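1. Take this sequence and fold it.
(chains A and B)
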Amino acid sequence: MSCALGPDSLLYSSVLFRHIYNGVGKVFPDQICWLDYFISGFIIMFILVNAVLLGAAIFVWAERRILGRFHNRLGPNRWGPFGLLQPIADLVKLLTKEDLIPREADKLAFTLVPIVMVMPLILMLAVVPFARNTFLADLNIGVLYIIAVTSVSTLGVFMAGWSSGNRYALFGAMRGVAMLISYEVPTVLALVGVVLAAGSMKMTDVVNAQTVPFILVQPLAIFIFLLGISAELNRTPFDLVEAESELIAGYHIEYSGTKFALIQAAEFGGVLAASAVMATLFLGGWSGPFLSGQLGALWFLLKVAFFAFLFIWIRATFPRLRVDQIMVFAWKFLFPLSLINLFAVAIEVYFLRNDTGPILSRGDLGVMIGVNLPLTVAAISLFGNAIKEKVRPPVRTAEVVTSGARLAPGALGSQRHVLERSEKEAG
Amino acid sequence: MYGKGLYKGLVVTMKNLFRKPFTYQYPEERVPQHPRFRGEEFVWYEERCTGCASCAKYCPLGIIRIVTDPSGSAPQEGDKYKLEVFDIDIGRCMFCGLCVEACPYDALFMGSGFERGRYERKDLVITIDELRQAEKRPSTWFRPQLERGKYNPHEGKPLSWREAGREHWRWHEGEKAGARFRSTLTPTSGHPSPGGRGVGGEGDSGPGQEESR
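-> The predicted model follows:
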């Protein structure tokens, strides 16, 4: 008797896992089913990890090319067609470099950091459905799981900063932790609105609930989530953690060789993972016209590419903010907005929900669009004007000058006094 | 409205995304050079050079070294010195072009090269043999006669010594009649300009061997 996945199994709904499991079961037709589980799980993990790293490599290439075009440059184009092999060249260079560990470093924590950085993005993609019934695990707490897993990267940043034994790394890490924890709040609250509207935390349910993409239903939520997640990924408007002009490289300043390669892969793969999550939660994942079934993966890839491009575009446009501006932005702008979004969606869902079938029908979502779009514009402009003065305080040059003038004669006089005294004492 | 600046910034970058990149893929394609480019491959016409060493005297860095020898024939008849050494130490040259300005006989021109990277400093010295063999594509810098003739060193043919001088291009034609005071000529004619080679060639005869550095 070979092992077969019963419909009662948690993993039965995943076509991907079922096929691989059955294939493995044919190769090893014995009674040890846990071994088959183990092998098929290993195969899937292997595929996923390599896909993530390959995706990160392609994203690095795409980012450098597109960023180059934003700067009216060409970007890497020497190695391979259109420079496609550039990430491989970079990788070979990094892997052949010496892997230094500073003497002052806490060796265990220092070595663990690349793993802690790469792990969350791979774990994040475990619950993202790539196409209908194509996922690794469809947890019933998928969204919560994503929130929990993404916050691990904060730990990685802090571990790197602390264990490097370098002041710049520690500065970057301290800034980064303060920022990442602040941005976690609005990001999570924005996702709660999505969960409310979908009526489930399961990723496939969220996709199925999007008869109208949630990017239209909750524009405020995607706005907050995009900004929050780009802060968590240390992307440019919020890249305080590795502010090149201030901290050289921030928390990963002491890393080299393989470890640095992994940290870079985690950063760029994180953008892809975040894009995948956003494509699933806000753009309807695999669903789209013309392509159905497993071919929906193409739609999914297209949506991921859209968000990835958005990240590159934002990076090409905005300069880095100051620390206090970033904190003000999180607590006084994004946080109230996310509360507004949450309450608005909660009230709408309360009045519009259906007892049978999907929690919100297409018409209900249409009503929500009608309410939420004006609400978004009003909320952003209102709160924007409210915090305008706080982010950019009025320059008080006149006052400073007068007070300086008042101070100056006294200061000079006292100096002269001291001079005279010292001269007297001297002779 | 708040956030308008952010929107404007995004539009600006988006416009730049669809603009043609400025990049020149250097080894394959080159930036078009102006004909007046002051490059390092000096063009020197031995036939025009009298060995007066004006270039060496005017060089602010003193990097031109000239050794001359009487040619044996009579200088009074328009003959000139024989050049034994003409070294230009490109490693210290700052391409000010004063040597070219100083040359009374249009024998020295700037060139157009910029790729003279070498592993050793002594390789950076341009010797007289190199100057003799180099392709004669003079830059039009400080040579109005070449500009008047619309000469482009990057497209045109190499110039022989007969074509390079100002007497060939008839640039100084009005000079003798005092035409420069009638303001019909180009502004560069304000410089006191010696005539062709024949006039300057009847110089004094120097002592045996003269070295100027």
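
2. switch to C-alpha atoms for all contacts and neighbour counts from now on
-> Will do.

3. Could you check the helix or strand where A:A297 lies against chain B for contacts?
-> Using DSSP states H and E, A:A297 falls within helix A:296-317. Yes - applying Cα under 8 Å from any Cα of the partner chain, one finds helix A:296-317 touching chain B at A:313-314, A:316-317.

4. ok, so of those, who is nearest B:T127?
-> Nearest to B:T127 out of the residues of helix A:296-317 next to chain B is A:A316 (Cα to Cα; 50.4 Å).

5. any residues touching the helix holding A:A297, and which ones?
-> A:63, A:66-67, A:70-71, A:130-132, A:230, A:235-237, A:271-272, A:275-276, A:278-280, A:283, A:285-288, A:291, B:9-10, B:13-14 (Cα atoms under 8 Å, 6 or more residues apart in numbering or on different chains).

6. Please apply the same query to stretch A:91-109.
-> Contact with stretch A:91-109 is made by A:110, A:159-160, A:163-165, A:254-261, as judged by Cα under 8 Å, 6+ apart.

7. Tell me which two in those residues are the farthest apart.
-> The span of those, defined through Cα to Cα, is set by A:G165 and A:A261 at 20.0 Å.

8. Would you mark the buried spots in the longest helix seen in chain B?
-> Identified as the longest helix of chain B according to DSSP state H is helix B:4-17. Judged by neighbour count using 16 or more other Cα atoms under 10 Å in any protein chain shown, the buried positions of helix B:4-17 are B:10, B:13-14, B:17.

9. A:F333 contacts A:L382, doesn't it?
-> No - contact between A:F333 and A:L382 fails when scored by Cα atoms under 8 Å: they sit 9.9 Å apart.

10. These two: who's more crowded?
-> A:F333 (22 against 15; other Cα atoms under 10 Å in any protein chain shown).

11. quick one: what helix or strand has the residue nearest to that one when sequence neighbours are not counted in it?
-> Leaving out its chain neighbours, the residue that sits closest to A:F333 by Cα to Cα, 6 or more residues apart in numbering or on different chains is A:F383, at 6.3 Å. Secondary structure assignment for A:F383, by DSSP H and E: helix A:362-391.

12. just A:A148 next, same as before
-> Taking DSSP H and E as the definition, one finds A:A148 inside helix A:142-150.

13. Looking at the closest residue to chain B within the stretch 101-250 of chain A now. What's its pLDDT?
-> Residue nearest to chain B within the stretch 101-250 of chain A: A:P237 (11.3 Å; Cα to the nearest Cα). Predicted confidence (pLDDT) for A:P237: 81.

14. Was I right to think it contacts A:P319?
-> Yes - between A:P237 and A:P319 there is a contact at 5.6 Å, judged by Cα under 8 Å.

15. Please say which of those two ends up with more neighbours.
-> Taking neighbours as other Cα under 10 Å, A:P237 and A:P319 compare with A:P237 leading, 19 against 12.

16. need the next SSE after the longest helix along chain A, C-terminal direction.
-> When chain A is parsed with DSSP H, its longest helix is helix A:33-70. Scanning forward in sequence from helix A:33-70 by DSSP H and E, the next helix or strand is helix A:86-95.
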